[in-house]
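A.B. asks: Below are the sequence and a predicted model; questions follow.
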Amino acid sequence: MKKSNIEVRVLVDDKPVREFCHDGKLFVNAKEGSEYKVKIKNDNNFKILAVISVDGIDIQTGKEANYNGPGYIINGLSSYEAKGYRKSLEEVGSFKFTKKDNSYSKEVSGKINNCGIISVAIFSQKINQITNEELFQKWKDSQKEVVREKEYVPYPIHIPYPVYPDYPDYPTKPYYKSPYWVTYGDNVNTSYSCGSIYNSMDMGGVKAINYAQTIGDINPNLESEIKPSFDLGSTWGKKIEDKVIEASFERGNLIGEFNIFYASKECLQKMGIKMDNEAQVSFPNGFPGQFCKPPSGWKS
């Protein structure tokens with residue numbers, strides 16, 4: 001599944017499993033006892049935060065997942081493979097398909113109604129926006145650095161008043177406005193609105209929202225949909241070394257959410273998902289001659 005230049009795949013034996021689309025949802029065939037990984041690939045040029053849940057359980061905290069939970073920071077043009085439930089900063093317990101009654105979700109929450117779903121919520125990094133006041137102050141500071149090459153005195157002068165070189169806003173360039181000396185800054189409208197273009201930026205029109213609902217509550221009908229049909233969940237497999245470090249990340253907008261449903265082949269077929277084997281096709285080769293044929297009589 002790929003959107004917003006971010007791709008999420010389920011890997012078994014380090015290979016992507018086949019995906020099936022049905023009623024606008026994405027499904028994979030899960031085999032009981034198989035261990036798997038969740039690969040997130042970021043093709044954007046900026047960092048993202050990936051919050052991952054399996055069967056409605058946060059894979060880092062072991063609690064019911066929500067959008068405010070911890071996640072993995074993935075740099076731009078890079079990827080990360082979530083190998084299992086986080087035990088420490090050095091180790092995880094691998095993801096393994098199992099019966100719902102043996103799932104980790106039932107052990108920690110006593111629930112099996114959310115078994116059969118792998119969810120990934122993707123957040124961008126918050127952008128600190130500049131205010132009008134800050135922008136105007138920067139402009140004022142930049143004006144202080146302006147140095148005139150020489151003093152300007154307007155000519156001709158038709159009034160009897162003496163001309164003094166020290167103007168109130170010297171070295172700002174003055175001009176004559178009878179009967180007083182004034183500077184250009186005196187009649188400039190200083191109500192700048194340049195900063196409004198920054199304030200209106202909201203990452204593609206998506207406002208940052210502080211979510212408090214769990215991933216299982218996204219669709220109010222999800223519980224009734226998955227209870228009678230999904231037969232598998234996930235639990236801990238073998239111990240795997242997977243070292244990470246703690247880092248800060250100021251969460252911005254939710255830019256994408258990925259939901260991959262999984263079940264046994266029998267259950268998927270009962271849902272009406274066609275799982276026929278793909279026809280084997282012998283494709284033509286555009287470069288059949290891989291090597292040169294030596295000329296007659298040639299000896300090495």
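C.D. replies: Right, received. Where do you want to start?

A.B. asks: rest of the way, CA atoms for contacts and neighbours
C.D. replies: Noted.

A.B. asks: Now residue 64: closest residue in space that isn't a chain neighbour?
C.D. replies: Spatial nearest neighbour of residue 64, chain neighbours left out: residue 57 (4.6 Å); criterion: CA to CA, 6 or more residues apart in numbering.

A.B. asks: Would you confirm that that neighbour contacts residue 105?
C.D. replies: Yes. Between residue 57 and residue 105 there is a contact at 6.4 Å, judged by CA atoms under 8 Å.

A.B. asks: How far off centre is the helix or strand hosting residue 96?
C.D. replies: Residue 96 belongs to strand 91-99 when assigned by DSSP states H and E. Mean-position distance between strand 91-99 and its chain equals 25 Å (CA atoms, centre = their mean, to the nearest Å).

A.B. asks: average pLDDT for that strand?
C.D. replies: The pLDDT scores in strand 91-99 average 97.

A.B. asks: Equivalent analysis for stretch 10-20, please.
C.D. replies: Stretch 10-20 comes out with an average pLDDT of 96.

A.B. asks: Can you give me the buried ones in it?
C.D. replies: Judged by neighbour count (16 or more other CA atoms under 10 Å), stretch 10-20 contains these buried residues: 10-12, 19-20.

A.B. asks: what's the answer for stretch 241-256, then?
C.D. replies: In stretch 241-256, counting by 16+ other CA under 10 Å, buried: 242, 249, 251-256.

A.B. asks: ok, which pair from those is furthest apart?
C.D. replies: Greatest spatial distance in the buried residues of stretch 241-256: 242 and 253, 27.8 Å, computed using CA to CA.

A.B. asks: now the buried residues of stretch 10-20 as a markdown table including distance to residue 135 and secondary structure?
C.D. replies: Formatted as a markdown table, those follow (distance: CA to CA, whole Å; DSSP: H, G, I helix; E, B strand; the rest coil):
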| residue | distance to residue 135 | secondary structure |
| --- | --- | --- |
| 10 | 47 | strand |
| 11 | 49 | strand |
| 12 | 52 | strand |
| 19 | 50 | strand |
| 20 | 51 | strand |
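
A.B. asks: Could you dump those residues into JSON lines and include distance to residue 51?
C.D. replies: Output for the buried residues of stretch 10-20, formatted as JSON lines (distance: CA to CA, whole Å):
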{"residue": "10", "distance to residue 51": "15"}
{"residue": "11", "distance to residue 51": "18"}
{"residue": "12", "distance to residue 51": "21"}
{"residue": "19", "distance to residue 51": "22"}
{"residue": "20", "distance to residue 51": "23"}
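
A.B. asks: before we move on, back to that, check which helices and strands the strand holding residue 96 sits against.
C.D. replies: strand 35-42, strand 84-86, strand 232-241 (3 or more CA pairs under 8 Å, 6 or more residues apart in numbering; DSSP states H and E).

A.B. asks: So what touches whatever helix or strand comes next after that strand?
C.D. replies: Remark: after strand 91-99, the chain's next helix or strand is helix 104-109, criterion DSSP H and E. The contact list for helix 104-109 (CA atoms under 8 Å, 6 or more residues apart in numbering) reads 55-57, 62-64, 100, 111-112, 115, 233-236.

A.B. asks: Turn the buried ones among the residues you listed into a named PyMOL selection, would you?
C.D. replies: A single PyMOL command is used to select the members of the contacts of helix 104-109 judged buried by 16+ other CA under 10 Å:
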select buried, resi 55+56+57+62+64+100+111+112+115+233+234+235+236
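
A.B. asks: Kindly reformat the contacts of helix 104-109 as CSV and extend each row with distance to residue 24.
C.D. replies: CSV is the format used below for the contacts of helix 104-109 (distance: CA to CA, whole Å):
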residue, distance to residue 24
55, 20
56, 20
57, 23
62, 29
63, 28
64, 25
100, 24
111, 26
112, 23
115, 19
233, 22
234, 23
235, 27
236, 30
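
A.B. asks: Using the three-state scheme, assign residue 7.
C.D. replies: At residue 7 the chain is in strand, as set by DSSP: H, G, I helix; E, B strand; the rest coil.

A.B. asks: can you count the residues close to the spatially closest residue to it that is not a sequence neighbour?
C.D. replies: Nearest residue to residue 7, sequence neighbours excluded (CA to CA, 6+ apart): residue 41, at 5.1 Å. By other CA atoms under 10 Å, 20 other residues sit near residue 41.
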